[in-house]
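K.L.:
here is my input; please provide its structure:
(chains A and B)
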Amino acid sequence: MSETPILQLRGITKSFGSVQALADVDFEVLPGEVMALVGDNGAGKSTLVKCVAGTHSPDSGEILFEGKPVTIHGPKDAAKLGIEVVYQDLALCDNLDVVQNMYLGREERDWLWRLKEPLMEQRTADTLRSLSVTTIRSIRQPVASLSGGQRQSVAVAKAVQWNSRLVILDEPTAALGVAQTRQVLELVKRLGDQGLSVVLISHNLHDVFEVATRITVLRLGRDVGVYEREKTTQQEVVQAITAGIPTRVAGIPETTPELAS
Amino acid sequence: MSSDVDVAAPGIGLPEGDEAEAQAGLWRRAYDNLRAGNLGILPIVIGLALIVVFFSYKATNFFTADNFNNIIVQMAGLTMLAFGVVFVLLLGEIDLSIGYLSGIAALAVAEFQLPGSGHAYPGVVAIAIAVGLCALIGGAQGSVVALVGVPSFVVTLAGLLIWQGVILQVLEIKGVIVIQDKWINDTANYYFTSRAGWIIAAVVTGSYALAMLGSVVGKLRAGVAIRSPLLIVAKVLGVAAATFGTVAISNHANVPNGLPLAGVLVVIFLIGLTFLAKRTPFGRHVYAVGGNAEAARRAGINVPRIRIIVFMISGAMAGVGGVILAARLNSVDLNVGGGTLLLDAISAAVIGGTSLFGGRGEVRSALIGALVIATVSNGLNTAGYKTGTIYIVTGVILLLAVTLDTVARRLQARSGR
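P.N.:
You can find the predicted model right below:
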């Protein structure tokens, strides 16, 4: 018995004028897996994510969340389903502290419209501790004073905090150094361990091979194939990204049920 | 991380020996202090003290209780405008229309109290109409900025010209409108009795201490650390000293004896607007939009709505200031809202430490900045200097203050944007 994917896209097509950004793309994420989405610039990764996040609506095709067809018309719809997107460097306000950022737009307040600061501070500390984000000296320091890795960790924690089921990370390590990247990748692994589904968009195959369970390759708006990390090599994926492959890798559909066990 | 963090620990983890972070520790501590308000207003307070000492030495009738009351009343209108400027600057926007908008409020309040005009209302109603009108105008200007996307500089520059034109057109015919309504004039000319003054000081200090106590209890209940108990005590003592000191001096004044109502109004707005900025979701969103509008939008904040409301606040505060300024003169004439009022209000907010780039600043900085500007202009006047000197000195102080802000920002930018 195969597991129901938490997110399944079927035959997604999207064009902007004469440019076809996505053509008949299938994509799925199983519960608790880290699915990497890789591809060259212009392969359609961002467009695909924006279709899931509700920024774009696909021309055709359907989106299933936990097996049920859904329509997503904006970030609020996505959040209601439990889908959170962490964008590269647009997630945090530098002038606010960690707690303020974590609760931005969803502040807890009492009947006098007063912010419940102690409550928010305590819950933020709990969330960060549960994700083992421990290098931040004080959660009352402004985000501007954090390192790149710490900022990305806070952004991820912010997305996770709201009972989200699926977290989409858009190039989370793009601007980070080696140690910082490690910090974020560890966090991504922990998210998977905690039963969350993660979509990791990345250019860096090294990162992808470190944390992903499976890898979906997009090329020129089409999905080239889905690879299992255990059963593929970086060379094979690079080839799929750059040259594509005439047919799908044999055996992929058959292996899907195995993942469930 | 070996010793598990107990609930009352300040952060969420013990500092890891990351080298870069250890090196940055000193900067961070200094910056955290700045944020906590330890040093934030210190330079400007020292500057203010130096100014006071200088003029006390230079002019014989500067350091007197009478003149102290004078300065309070002189700065009240300006401070109200500057309060509004702080909110606009927090967004990283600018409002150039507030000078003449305050003139519109003065005109409206004078017109709607005018006996025999057919639309003479009680003073309070006239004030409400004037302030409401300015809030509406501010909201309209803000809508053009937020919804259409015209830069606020242009929209409010147009506002500056338009409202100046309206004032000229109306007053060219009427000349001067005299304000006789007692309620309106009292906003700038009423002085409390000694006893009332002491009661006000006690109420202000007491409520402040209670509010502090409440937040401490709330934190203890939630098991969150209280970072600097000493600072809290110092703040309460500071507020007590400031309020009781002010009342003591005002009660010593001879000519207008007692605490001026204008000063109390300033404090009321200071408390109310600080609450709005720091303790409510709305205020938090204002800081967020000023810090990173795109992140705020993605966090689900209605950014245009925040912008429009902020311009309404700016307009309303210009209205309040305009009423007080008109009440001080008991009349409205062709010069209303003009002169250096606009630039003084913006300077006050900036001198007090509000950043022009958005996201950084406090409501109280408007009060401190206005105090500096009013003290300098009053002192130079008392010492017999001409208007030109006042402008030059104010300009130099403004430049110094902004330079300080820029340097502080550069230090912060080390790891920031």
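K.L.:
what residues does whichever strand or helix holds A:Asp26 touch?
P.N.:
Per DSSP states H and E: A:Asp26 is located in strand A:19-29. Strand A:19-29 is contacted from outside by A:5-15, A:35, A:37, A:44, A:47-48, A:51, A:58, A:61, A:166, A:197, A:199, A:216, A:218, A:221-223, using Cβ atoms under 8 Å, 6 or more residues apart in numbering or on different chains. C-beta coordinates here come from the backbone N, C-alpha and C atoms, glycine included.
K.L.:
switch to 7 Å and redo it
P.N.:
Here strand A:19-29 makes contact (Cβ atoms under 7 Å, 6 or more residues apart in numbering or on different chains) with A:5-15, A:35, A:44, A:47-48, A:166, A:197, A:199, A:216, A:221-223.
K.L.:
make a PyMOL selection of the buried ones in these.
P.N.:
Command for PyMOL that selects the buried part of the contacts of strand A:19-29, burial taken from 16 or more other Cβ atoms under 10 Å in any protein chain shown:
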select buried, chain A and resi 5+6+7+8+9+12+13+14+35+44+47+48+166+197+199+216+221+222+223
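K.L.:
just the ones in strands from the contacts of strand A:19-29, please.
P.N.:
Within the contacts of strand A:19-29, residues falling in strands by DSSP state E are A:7-15, A:35, A:166, A:197, A:199, A:216, A:222-223.
K.L.:
of the residues you listed, list those near chain B.
P.N.:
When the ones in strands among the contacts of strand A:19-29 are checked against chain B using Cβ under 7 Å from any Cβ of the partner chain, none falls in range.
K.L.:
which pair in the residues you listed has the greatest spatial separation?
P.N.:
The largest separation in the ones in strands among the contacts of strand A:19-29, counting by Cβ to Cβ, is between A:Ser15 and A:Ser197 at 28.0 Å.
K.L.:
any low-confidence regions in the chain?
P.N.:
No chain in the question, so chain A it is. A:1-2, A:89-90, A:245-261 (pLDDT under 70).
K.L.:
ah, I was thinking of chain B
P.N.:
Residue ranges of chain B with pLDDT under 70: B:1-40, B:408-409, B:411-417.
K.L.:
bridging residues for the spatially closest residue to A:Tyr87 that is not a sequence neighbour?
P.N.:
Using Cβ to Cβ, 6 or more residues apart in numbering or on different chains and skipping the chain neighbours, the partner closest in space to A:Tyr87 is A:Asp170 (5.2 Å). A:Asp170 forms beta bridges with A:Ile201, as assigned by DSSP bridges.
K.L.:
neighbours of A:Asp170, how many?
P.N.:
A:Asp170 is flanked by 22 other residues according to other Cβ atoms under 10 Å in any protein chain shown.
K.L.:
pretty sure it is touching A:Leu48, no?
P.N.:
No. When contacts are counted by Cβ atoms under 7 Å, A:Asp170 is not listed as touching A:Leu48 (10.9 Å).
K.L.:
still on that earlier bit, tell me the contacts of the residue nearest to A:Tyr87?
P.N.:
Contacts here follow Cβ under 7 Å, 6+ apart; on that basis A:Asp170 touches A:49, A:85-88, A:201.
K.L.:
now with 8 Å, please.
P.N.:
Counting by Cβ under 8 Å, 6+ apart, A:Asp170 touches A:46, A:49, A:85-88, A:201.
K.L.:
just the helices from the stretch 201-350 of chain B, written as ranges.
P.N.:
Using DSSP state H, counting those that start in this stretch, the helices of the stretch 201-350 of chain B run over B:229-252, B:261-279, B:281-291, B:293-298, B:303-329, B:341-351.
K.L.:
in the fourth one, what's buried?
P.N.:
Just to be clear, that refers to helix B:293-298. Neighbour counts over helix B:293-298 (16+ other Cβ under 10 Å) mark B:293, B:295-298 as buried.
K.L.:
what comes up buried for stretch A:199-211?
P.N.:
Judged by neighbour count using 16+ other Cβ under 10 Å, the buried positions of stretch A:199-211 are A:199-202, A:204-205, A:207-208, A:210-211.
K.L.:
how far does that stretch sit from the chain's center?
P.N.:
Between the centre of stretch A:199-211 and the centre of its chain there are 11 Å (Cα atoms, centre = their mean, to the nearest Å).
K.L.:
check stretch B:308-315 too.
P.N.:
Relative to the centre of its chain, stretch B:308-315 is centred 14 Å away, using Cα atoms, centre = their mean.
K.L.:
any residues of the stretch 101-250 of chain A in contact with chain B? List them.
P.N.:
A:104-107, A:109, A:113-115, A:117-119, A:121-122, A:124-125, A:128-129, A:133-142, A:144-147, A:179 (Cβ under 8 Å from any Cβ of the partner chain).
K.L.:
please pick the buried ones from the residues you listed.
P.N.:
Buried, going by 16+ other Cβ under 10 Å: A:104-105, A:107, A:109, A:114-115, A:117-119, A:121-122, A:124-125, A:128, A:133-142, A:144-147, out of those.
K.L.:
you'd agree B:Met370 is up against B:Val350?
P.N.:
If you look again at residue B:370, you'll see it is Ala, not Met. No. Look at B:Ala370 against B:Val350 with Cβ atoms under 8 Å: they stay out of range, at 11.3 Å.
K.L.:
just the contacts of A:Asp170: which are in helices?
P.N.:
Among the contacts of A:Asp170, the members falling in helices (DSSP state H) are A:46, A:49.
K.L.:
and of the contacts of A:Asp170, the nearest to chain B?
P.N.:
Nearest to chain B among these, counting by Cβ to the nearest Cβ, is A:Tyr87 at 6.9 Å.
K.L.:
ok, that closest one touching B:Arg298?
P.N.:
Yes. Using Cβ under 8 Å, A:Tyr87 is in contact with B:Arg298, at 6.9 Å.
K.L.:
name the helix or strand for A:Ala240, please.
P.N.:
Counting by DSSP H and E, A:Ala240 is part of helix A:234-242.
K.L.:
which neighbouring elements make contact with that helix?
P.N.:
Counting contacts by 3 or more Cβ pairs under 8 Å, 6 or more residues apart in numbering or on different chains; DSSP states H and E, helix A:234-242 is packed against strand A:34-39, helix A:205-211, strand A:214-219, strand A:222-228.
K.L.:
let me know which of these is the nearest to B:Asn185.
P.N.:
strand A:34-39 (69.9 Å).
K.L.:
list the contacts of that closest one.
P.N.:
A:27-29, A:45, A:48-49, A:188-189, A:191-192, A:197-203, A:205, A:208, A:211-219, A:237, A:241.
K.L.:
for that strand, which strands pair with it and how are they oriented?
P.N.:
Next to strand A:34-39 in the sheet, as set by DSSP bridges, lie strand A:197-201 (parallel), strand A:214-219 (parallel).
K.L.:
redo the ones you listed as a markdown table? Include distance to B:Ala130.
P.N.:
Formatted as a markdown table, those follow (distance: least, Cβ to Cβ, whole Å):
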| stretch | distance to B:Ala130 |
| --- | --- |
| strand A:197-201 | 55 |
| strand A:214-219 | 61 |
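K.L.:
for B:Val144, find the nearest of those.
P.N.:
strand A:197-201 (38.3 Å).
K.L.:
CA atoms of the closest one as PDB?
P.N.:
Taking Å, rounded to 0.1, in the frame of the first residue of the first chain, the C-alpha atoms of strand A:197-201 are listed here in PDB:
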ATOM      1  CA  SER A 197       7.700  17.300   4.700                       C
ATOM      2  CA  VAL A 198      10.300  19.600   3.200                       C
ATOM      3  CA  VAL A 199      10.800  20.800  -0.400                       C
ATOM      4  CA  LEU A 200      14.400  22.000  -0.800                       C
ATOM      5  CA  ILE A 201      15.200  24.100  -3.800                       C
END
